[in-house]
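K.L.:
only geometry, no sequence info:
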């Protein structure tokens, strides 16, 4: 299927105007020895219907309807209006809003996103997004090292292990040393082994953490005291801030994590939405794009990308990051989602998630299950089953019962499960 | 249509909901945690209000479906609609990244096969699909270089980068602790082997080369340059931003490139989405295979699986499996094009660029005389004499309904504009573009004030970007309602 | 042609230097501000810091570019012009009034090694 509009006649005419005899002459600057002699070895071109047929066939076994998997990507309902609006070609097929006069749609939506996210997280500002939660976290840690000129960072073992792996990769590049803090029996970060903070760039804690536990983030500011160490608050389930205090309430310097819960499909883990919010102090050190309000020539309020001098296309090797894109379309999904829900909707949805999770948690315990950690949780928790072999039966019914971590299962319960679903879970695993 | 659409919190509504809540069927659990949130307020709206708000905003945007989008170095090609339908197939869009491989055979097949296709297209030996963008792919490549030399116990601290390179190149190298040494291109716009030779020694880890370069020219000495770098033990990174004109013409692996990222959102036609998401897979030669990010996707003849057994890997670079649905769209594009289709793309992309070049050469200054590949570099040199800048030309294009090319890039040429029509523009569309550029060149001479005042036909007029930077306003004020 | 007031001295990297009692004021030339365009932000050095000749002692940002301010001779940063925090445009409007940093020279005679107005005009504008 070709998307080229030229007729043979057009091509002849164009070659004539250019003054060459053939298209291959246009490639004369490429040394002959490098040119391919034969065609690429690729499958023969498919027609549109052959393509969709193939894709439908291979995808038919993927994507499980009833899945209690979480661990950083959550199974939330996506209102139909979101894919409908984001498939508008003006959002979908535009590029970075470098020309603000013809990009106000993207710019205003991103400004609205920055505003809603700042309020939701209780932070001064948010940028216009990063690749995903893990890379956003890594960039937050790099920022802390730039600001403090220190190369040691402290992280909690409660942070999503994939995020920690990404951090390790980035720290190998930036030559930073990572010091990890273990969790206590309640599943919260144990700060008793916190090193002297003199030369520590940052302390990073995730809440709810990987095991679902709400961290005591109110302990962190007092621990930092007058040290210049930054407090980085990480999250993978942003809807938890409809029920629990956001990073800003604990005095976080940087709040970074994942926004996939805001109306973005799971899509095997990507694209998702990296969120990066920050205290005003770090404005000049922030990675990624920022949209700012300004005026046009006639004094009309409008928006444009701003503070670009931080970025690679101007500052090159001294830039705050090499990032030169954002997740623009996912930002539009998120702000549409947030504008449908608002604060009251987020609170209500968070409470539904919490109630559902608490219900299943209680029933699993009644059925002989054992919690890995005792700390309070939001919509995800970690349990050991009394008779784990029975989970097989759930899978036979097309239900993924959770994510297996050793002998434990990490179970995420969202608004997409009804009491009937939850009761069925218990019935199958052998509840009372 | 020129109307006002206020910010969400200025709409004077905001207490309804557009979300359809499920029935609450389980008993309420009360919590008395000290971590419960205090009240906060964000307005919400019914679905019709939301639909209208964002539809109105969208009409202020210009997309590839609006008209020609000739942003040089960005390859703004048409995005086939079938790709969106495929990405929304339930099996793909509902797939959770932590589900067992046996529930993900479709997704894994896509990742594996796309990797195989990209290896064939580039002539490389191995691939990772984790990087989420081109710059991310650069970072991955630099990390692999670092790991490669660490394993070999060689202390190489510097990376060579031509002065014409994208800013991401030096920024990526720096993030990996490398020092950047800038290598000048010559007056013809080429990177010369003898210059590289002068800079190349045992302290240099490698070189980052974009080919065709940011000037739109093919580097004719690419092979010689790679040989020089290799002879001193260094590695060569290829920035794949400009892969489009090479499809089916050459394999970059044959030039001596050791690692290269590919922008799927450019060459393989996935939508740019107002700035992302993109994807930046990296292809490598065998000597770097061991260092690729983990996990990789493998096929054992029956099943596809995630392979975590990569002891020398630089590690993970993305929370999960990269931007899967972007890879899916690129895979669809390769499958719908086939070898012949891809070759045709490079041919017509180069034909289109050279046609524009020839037709505009009389009106706009072309700083380099060598043949253009898929994009053409101009400057405002002729117009500057009469007080018209590249920015004015860009804004004049907006008034004529056309998205401007990339302006003030590359930095190595002053007041440049880089124009990339892509293969999708018909002859008719190119003629339209050319007429408009000629019209602007004439207006610069006879009515230059009009260009300086441009644009006046867009929803807003010329934006004061200085004000935005001097007094940053990065969020609005939402008044509480409790 | 840009102005180079005769009562000032200049560095090749486009700074002007003015004697201020025992101390010296440093700003950027009219030519430099014109090249940089609308200045949006000034990044000041730490007060009390000793910086060598030619090393960076601050940074100016326009909306599209970044430019370093370099130390005209070795010395200590005594004060920075905080007025520029809110109104960096003063550098564009009145480059020779808008001093950026105040320094104590390690060796005051270094001042005499700088370019005078005539030399500066030749060296700096000759760059073009």
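P.N.:
Everything's here; your move. As the structure is a prediction and not an experimental result, all values here were calculated from the model.
K.L.:
tell me the residues of chain C that contact chain B?
P.N.:
When proximity is defined by Cβ under 8 Å from any Cβ of the partner chain, chain C lies next to chain B at C:38, C:40, C:41, C:61, C:62, C:63, C:64, C:88, C:89. C-beta here means a position set from N, CA and C on the backbone, and glycine is covered the same way.
K.L.:
let's see that with 6 Å instead.
P.N.:
With Cβ under 6 Å from any Cβ of the partner chain as the criterion, chain C meets chain B at residues C:38, C:40, C:63.
K.L.:
what pLDDT does the model give the closest residue to the second one other than its chain neighbours?
P.N.:
So that's residue C:40. Among residues not flanking residue C:40 along the chain, residue B:469 sits closest, at 3.8 Å (Cβ to Cβ, 6 or more residues apart in numbering or on different chains). We have a pLDDT of 92 for residue B:469.
K.L.:
which other helices and strands contact the host helix or strand of residue B:469?
P.N.:
Using DSSP states H and E, residue B:469 sits within helix B:465-470. On a contact count with 3 or more Cβ pairs under 6 Å, 6 or more residues apart in numbering or on different chains; DSSP states H and E, helix B:465-470 meets strand A:291-295, strand C:39-43.
K.L.:
where along the stretch 151-300 of chain B do the strands fall?
P.N.:
B:158-162, B:179-183, B:204-210, B:235-240, B:259-262, B:282-284, B:296-299 (DSSP state E, counting those that start in this stretch).
K.L.:
would you turn these into CSV with distance to chain A, mean neighbour count and mean pLDDT?
P.N.:
Below are these laid out as CSV (distance: least, Cβ to the nearest Cβ, whole Å; neighbours: other Cβ atoms under 10 Å in any protein chain shown; pLDDT from 0 to 100):
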stretch, distance to chain A, mean neighbour count, mean pLDDT
strand B:158-162, 8, 25, 97
strand B:179-183, 4, 18, 96
strand B:204-210, 11, 26, 97
strand B:235-240, 12, 28, 96
strand B:259-262, 12, 29, 98
strand B:282-284, 13, 29, 98
strand B:296-299, 11, 19, 97
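K.L.:
out of those strands, which is closest to chain C?
P.N.:
Nearest of the strands of the stretch 151-300 of chain B to chain C, taken as Cβ to the nearest Cβ: strand B:179-183 at 15.6 Å.
K.L.:
so where's chain C uncertain?
P.N.:
Residue ranges of chain C with pLDDT under 70: C:1-2, C:125-128.
K.L.:
nearest to chain A: which residue in it?
P.N.:
Chain A sits closest to residue C:61 of chain C, with a gap of 4.3 Å, by Cβ to the nearest Cβ.
K.L.:
so does the strand or helix carrying residue A:16 get close to chain B?
P.N.:
Under the criterion of DSSP H and E, residue A:16 resides in helix A:8-18. Yes - counting by Cβ under 6 Å from any Cβ, chain B is contacted by helix A:8-18 at A:10, A:14, A:17, A:18.
K.L.:
residues in contact with the helix or strand that that helix is followed by?
P.N.:
Per DSSP H and E, helix A:8-18 leads on to helix A:48-59 as the next helix or strand towards the C-terminus. Residues from elsewhere that reach helix A:48-59 (Cβ atoms under 6 Å, 6 or more residues apart in numbering or on different chains): A:1, B:82, B:86, B:89, B:91, B:92, B:106, B:109, B:332, B:335, B:336.
K.L.:
which parts of stretch B:54-63 are buried?
P.N.:
For stretch B:54-63, the buried set under the neighbour-count rule, 16 or more other Cβ atoms under 10 Å in any protein chain shown, comprises B:54, B:55, B:57, B:58, B:60, B:61, B:62, B:63.
K.L.:
how long is that stretch from one end to the other?
P.N.:
By Cα to Cα, to the nearest Å, the extent of stretch B:54-63 from end to end equals 15 Å.
K.L.:
ditto for stretch B:358-369
P.N.:
With Cα to Cα as the measure, the ends of stretch B:358-369 fall 11 Å from one another.
K.L.:
residue A:255 is nearest to which of the helices and strands packed on helix B:465-470?
P.N.:
Closest to residue A:255 of those is strand A:291-295 (Cβ to Cβ; 18.2 Å).
K.L.:
the closest one near chain C anywhere?
P.N.:
No - applying Cβ under 6 Å from any Cβ, one finds strand A:291-295 separated from chain C by no less than 10.3 Å.
K.L.:
what's the following helix or strand after that strand?
P.N.:
Once strand A:291-295 ends, the next helix or strand along the chain (criterion: DSSP H and E) is strand A:301-305.
K.L.:
what's that next one in contact with?
P.N.:
Contact with strand A:301-305 is made by A:100, A:107-108, A:111, A:289, A:291, A:293-294, A:296, B:460, B:463, B:465, B:468, as judged by Cβ under 6 Å, 6+ apart.
K.L.:
could you do stretch B:219-237 as well?
P.N.:
By Cβ under 6 Å, 6+ apart, stretch B:219-237 touches A:29, B:141, B:145, B:191, B:193, B:196-197, B:200, B:204, B:206-208, B:211, B:255-259.
K.L.:
how does it look with 7 Å?
P.N.:
Residues from elsewhere that reach stretch B:219-237 (Cβ atoms under 7 Å, 6 or more residues apart in numbering or on different chains): A:29, A:31, A:34, B:141, B:145, B:148, B:154, B:190-193, B:196-197, B:200-202, B:204-209, B:211, B:213, B:255-260.
K.L.:
now swap in stretch A:354-371 and tell me
P.N.:
Stretch A:354-371 has contacts (Cβ under 7 Å, 6+ apart) with A:243, A:377-386, A:411, A:413, A:415, A:417, A:422, A:425-426, A:429-432, B:24, B:26-29.
K.L.:
so residue B:162 sits against residue B:183, correct?
P.N.:
Yes - applying Cβ atoms under 7 Å, one finds residue B:162 in contact with residue B:183, separated by 5.1 Å.
K.L.:
and for those two, which residues touch both?
P.N.:
Joint contacts of residue B:162 and residue B:183 (Cβ under 7 Å, 6+ apart) are residue B:191.
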